[in-house]
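Colleague: Dropping the sequence and predicted coords here.
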Amino acid sequence: MVKRRIAEILRSGQPDESLLIQGWVRTKRELKGFAFIEVNDGSSLASLQVVMNQDLPDYEAIIKKLNTGASVEVAGVLVPSQGKGQRIELKAEMVKVYGEADPETYPLQKKRHSYEFLRTIGHLRSRTNSFGAVFRVRNACATAIHQFFQERGFLWVHTPIITANDCEGAGELFNVTGLNLKDIPRADNNAVDYAQDFFGKPTYLTVSGQLEAEVMAMAFSNVYTFGPTFRAENSNTSRHLAEFWMVEPEMAFCDLDGDMDLAEAFLKHVFKYVLETCPEDMEFFNQRIDDTVLSTADNIINNEFQRLTYTEAISLLEKADVKFEYPVSWGLDLQSEHERYLAEQLFKKPVIVSDYPAKIKAFYMRLSDDEKTVRAMDILAPKIGEIIGGSQREERLDVLEKRILAQGMKPEDLWWYLDLRRYGTVPHAGFGLGFERLVQFMTGMGNIRDVIPFPRTPQSADF
């Protein structure tokens, strides 16, 4: 007997097919002489209805074990469904219970649970409709990302998780140490003696793979990273995680215009792929979570993104007939409310803002001829604000050295990064996308902790 996934059965299964399924019981309904159970194996939002007649061997004993949450194997024959809402159902010929679930203590009974409660049972919440849909969409997003870059000849590179570099210069880093914290070795000035540590120097969990991606782009032309990154930012908000995934392409022989073109094509591809791959899940989000999910996706796919400079954006914000909480002034960074005004109210579609003031951007961004701005860009999306940040990188050795010094950093700590400008330097550019922000934006989920299986946040590292 052939084992089949429930998604495939619901899509293409035909009456009189003999098959076997394995999964978890969602519901049970007993009637006189027979019973219905809904079985879900995680492959789809919908479950498969199984019909059990009392002439099954050990019917009474098995029925008692088939409570919500129990794991089962069912062999039988597909038959046309007599009820509404499903095309076919499985008439059971054999039912095996692998693991029972006590209905008195199993926390996922058939009722609505708050997301706050479900975070406390992270080991079980993936069995709910909402989280099943989230993680199928997350998987489709990841597949689409790899597909987009692989089809364009990009090399996927694995950048280090442990690093001695603070790429963003923000200082929000998790230290990595092998020192005995109960007996920390000290130098003569009472500072920590990192020479005795595992790596012989201070090391951290990475905040970005960008600098290493630049190294690889100088040999392979087009590369991308897709891996975990970390920020020790003590933010308890619906938009922040301490551990999250980043997508960071890097392209040699590329300027800011090429960077913006790729970023726009990238977002369109990912949204289109997910709509085609997970239509049932996306419809679920549109009905149950946010009724603008599908229209937002359509807005991304079928619109050319609006492009304007930071200076133009500031001018538009200053003229806006809106009272902002944060001030608007040239030289200040845009806040989420400003970004959302531009994308949601003014242009009503994604916006790419470029050429930001040099003082509010990272050292590696290419200084413009006016020496006041850098060749940086952010993509602002309706409902979420910034979703992609990128730039053309500074390829001129002398300018890069001055930028490093101006930000209080030591050129000798980045000797290898400067070598890229000494030996065969080229114009190059790239961008970064927070993967969880993308999934949150795509699904309409209100809290970023609900789009990653095991969120890491301040005072929380459970499961």
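Modeller: Received it, and whenever you're ready, just let me know what you need.

Colleague: Extract the CA atoms of the lengthiest strand in the chain and return them as PDB.
Modeller: Ranked by residue count under DSSP state E, the longest strand found in the chain is strand 18-31. Output of strand 18-31 as PDB, limited to C-alpha atoms (Å, rounded to 0.1, in the frame of the first residue of the first chain):
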ATOM      1  CA  SER A  18      -5.800   2.300  -1.800                       C
ATOM      2  CA  LEU A  19      -3.300   4.200   0.200                       C
ATOM      3  CA  LEU A  20      -1.800   4.900   3.600                       C
ATOM      4  CA  ILE A  21      -1.500   8.100   5.600                       C
ATOM      5  CA  GLN A  22       0.300   9.100   8.800                       C
ATOM      6  CA  GLY A  23      -0.400  12.200  10.900                       C
ATOM      7  CA  TRP A  24      -2.000  13.700  13.900                       C
ATOM      8  CA  VAL A  25      -5.700  13.800  14.800                       C
ATOM      9  CA  ARG A  26      -7.200  17.200  14.700                       C
ATOM     10  CA  THR A  27     -10.800  16.300  15.600                       C
ATOM     11  CA  LYS A  28     -13.000  13.300  16.300                       C
ATOM     12  CA  ARG A  29     -16.800  13.000  15.900                       C
ATOM     13  CA  GLU A  30     -18.500   9.800  17.000                       C
ATOM     14  CA  LEU A  31     -21.900   8.700  15.700                       C
END
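
Colleague: quick one, strands of the stretch 101-250 of the chain?
Modeller: 155-156, 162-163, 175-176, 203-205, 222-230, 243-252 (DSSP state E, counting those that start in this stretch).

Colleague: Can you add mean pLDDT and distance to Ser126 and give those strands back as JSON lines?
Modeller: Glycine gets a C-beta too; all of them are placed from N, C-alpha and C. Converted to JSON lines, those look like this (pLDDT from 0 to 100; distance: least, C-beta to C-beta, whole Å):
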{"stretch": "strand 155-156", "mean pLDDT": "98", "distance to Ser126": "26"}
{"stretch": "strand 162-163", "mean pLDDT": "95", "distance to Ser126": "29"}
{"stretch": "strand 175-176", "mean pLDDT": "95", "distance to Ser126": "30"}
{"stretch": "strand 203-205", "mean pLDDT": "95", "distance to Ser126": "26"}
{"stretch": "strand 222-230", "mean pLDDT": "97", "distance to Ser126": "19"}
{"stretch": "strand 243-252", "mean pLDDT": "98", "distance to Ser126": "17"}
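
Colleague: Might you calculate how far the longest strand of the chain sits from the centre of the chain?
Modeller: 32 Å (C-alpha atoms, centre = their mean, to the nearest Å).

Colleague: which helices and strands does that strand pack with?
Modeller: If you count contacts as 3 or more C-beta pairs under 8 Å, 6 or more residues apart in numbering; DSSP states H and E, strand 18-31 packs onto strand 2-3, helix 6-12, strand 34-40, strand 48-53, strand 71-80, strand 88-99.

Colleague: Now find how far off-centre stretch 445-463 is within its chain.
Modeller: On C-alpha atoms, centre = their mean, the centre of stretch 445-463 falls 12 Å from the chain's centre.

Colleague: Quick one: mean pLDDT over that stretch.
Modeller: Averaged over stretch 445-463, pLDDT sits at 95.

Colleague: and the angle for the longest strand of the chain with strand 88-99?
Modeller: Strand 18-31 and strand 88-99 are oriented at 80 degrees to each other (axes from the mean of the first three to the mean of the last three C-alpha atoms, to 10 degrees).

Colleague: want to throw the helices and strands packed on strand 18-31 into CSV with mean neighbour count?
Modeller: Below are the helices and strands packed on strand 18-31 laid out as CSV (neighbours: other C-beta atoms under 10 Å):
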stretch, mean neighbour count
strand 2-3, 9
helix 6-12, 16
strand 34-40, 20
strand 48-53, 20
strand 71-80, 17
strand 88-99, 17
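
Colleague: Export these as JSON lines, with columns for distance to Thr163.
Modeller: Listed next are the helices and strands packed on strand 18-31 as JSON lines, based on distance: least, C-beta to C-beta, whole Å:
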{"stretch": "strand 2-3", "distance to Thr163": "44"}
{"stretch": "helix 6-12", "distance to Thr163": "40"}
{"stretch": "strand 34-40", "distance to Thr163": "41"}
{"stretch": "strand 48-53", "distance to Thr163": "47"}
{"stretch": "strand 71-80", "distance to Thr163": "42"}
{"stretch": "strand 88-99", "distance to Thr163": "43"}
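
Colleague: Minimum distance to Leu342: which of the ones you listed has it?
Modeller: Relative to Leu342, the nearest member of the helices and strands packed on strand 18-31 by C-beta to C-beta is helix 6-12, separated by 39.6 Å.
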